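*Asks:* Model the structure of this input:
(one chain, ligands or ions: 1)
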Amino acid sequence: MQTFLAMFPVQASTHAAEVDQMTVLVHWLMLVLFVGWGLFFVFVLFRFRRGANPRASYTGAKGKISKGLEVAVAIVEVLLLVFYAIPAWAKRVKAFPSENEATVVRVVAEQFAWNVHYPGPDGKFGRTDIKLVSADNPLGLDRTDPSAKDDITTINQLNLPIDRPVLVHLSSKDVIHSFGVYEMRVKQDAIPGMSIPVWFIPNRIGEYEIACSQLCGLGHFRMRGFMTIQTAADYQKWFDDQEKELRSASTTTTADPRSVARRADRQGRPPSRPRPPVPGS
Ligand SMILES: [Cu+2]
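*Replies:* Have a look, this model is predicted:
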């Protein structure tokens with residue numbers, strides 16, 4: 001178990017260990033099958049070589065061992081499905097946290113960035129309209145809507161508090177993308193025209209990459225966002241800072257102020273932070 005786990009990304013969410021346990025068991029089964037079938041193949045090459053069998057037999061082998069092995073493999077696969085895969089998946093898709101106890105965000109993918117939309121202190125997402133979408137306002141947020149006035153938007157940066165369920169409503173503006181955060185053991189396609197919820201509970205402070213896990217176009221390689229998991233206090237401070245910035249920016253511009261502030265940042269992290277090298281750009 002540990003041999004495989006050492007090769008995995010760190011576990012940064014509460015359900016990560018469960019997913020890993022399943023993955024490790026499947027890999028052990030695959031290893032046994034790979035070695036077993038490989039040895040059997042070599043045996044067959046030798047046993048049924050032309051020199052020892054000048055005349056072909058059309059009836060084939062009639063041993064009970066191969067049938068027994070096939071049944072055993074099928075039983076192991078059924079056990080993995082029934083006792084690990086199905087219960088783990090049922091929890092993912094049925095046990096959603098309520099919006100009251102979770103940090104709720106919308107993430108809207110586009111070629112080639114992650115637009116993040118927080119509802120602000122009022123807890124209500126402001127109205128968005130496709131007609132308002134522009135380079136300055138990638139989410140098409142209607143700042144005249146009272147619920148939108150306090151909404152925070154960022155590009156490629158998702159801050160979240162530790163030990164609190166996160167509920168992400170995922171969608172896409174153009175093609176199919178995939179929201180992949182390996183350390184959280186989360187991967188979900190973002191599909192145009194659909195809002196797909198995905199949830200997890202981060203339990204490790206740190207900075208993680210949001211990788212687009214679906215080949216989505218020529219710039220796919222640079223579609224990377226960042227997830228920062230913070231203590232509740234640090235998160236609140238970040239949130240308050242964003243609100244302050246929003247209020248001061250909204251007095252000087254009519255476009256979505258947050259997006260204007262971050263326009264230069266479409267392909268990386270916020271400008272105030274050091275930008276890691278992006279291969280090929
Ligand atoms: Cu993508």
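
*Asks:* residue ranges for the helices of the stretch 51-200 of the chain, please.
*Replies:* Taking DSSP state H, counting those that start in this stretch to define them, one finds helices in the stretch 51-200 of the chain at 65-80, 86-94.

*Asks:* which of the residues in the shortest one are buried?
*Replies:* This points to helix 86-94. Residues residue 92 are the ones in helix 86-94 that count as buried (16 or more other Cβ atoms under 10 Å). Every C-beta, even on glycine, is put in place using the N, C-alpha and C of the backbone.

*Asks:* quick one, domains of this protein?
*Replies:* As given by automatic domain parsing, the domain ranges for the chain are 2-94, 103-266.

*Asks:* just how off-centre is the first one within its chain?
*Replies:* Same thing as domain 2-94. Distance, stretch centre to chain centre, for domain 2-94: 27 Å (Cα atoms, centre = their mean, to the nearest Å).

*Asks:* Then stretch 119-128?
*Replies:* 24 Å.

*Asks:* can you check stretch 160-168 too?
*Replies:* Relative to the centre of its chain, stretch 160-168 is centred 14 Å away, using Cα atoms, centre = their mean.

*Asks:* Next, the buried residues of that stretch.
*Replies:* Quick answer for stretch 160-168 (16+ other Cβ under 10 Å): 160-162, 165-168.

*Asks:* Over to stretch 205-214?
*Replies:* Residues of stretch 205-214 classed as buried: 208, 210-214 (neighbour count, 16+ other Cβ under 10 Å).

*Asks:* Check the average confidence over that stretch, would you?
*Replies:* Averaging pLDDT along stretch 205-214 yields 96.

*Asks:* Pick the most deeply packed of the domains of the chain.
*Replies:* Highest mean neighbour count among the domains of the chain (mean count of other Cβ atoms under 10 Å): domain 103-266, with a mean of 18.

*Asks:* Contact distance from the ion - what residues of the stretch 51-200 of the chain qualify?
*Replies:* Residues of the stretch 51-200 of the chain lying near the ion by Cβ under 5 Å from the ion: residue 177.

*Asks:* residues contacting the closest residue to residue 92 other than its chain neighbours?
*Replies:* Excluding the flanking residues, the one nearest residue 92 by Cβ to Cβ, 6 or more residues apart in numbering is residue 15, at 7.4 Å. Listed by Cβ atoms under 8 Å, 6 or more residues apart in numbering, the contact partners of residue 15 are 88, 91-92, 185, 200-201.

*Asks:* Which of those sits closest to residue 5?
*Replies:* residue 185 (12.5 Å; Cβ to Cβ).

*Asks:* wouldn't the closest one be in contact with residue 14 here?
*Replies:* No: if you go by Cβ atoms under 8 Å, residue 185 and residue 14 don't touch, sitting 9.7 Å apart.
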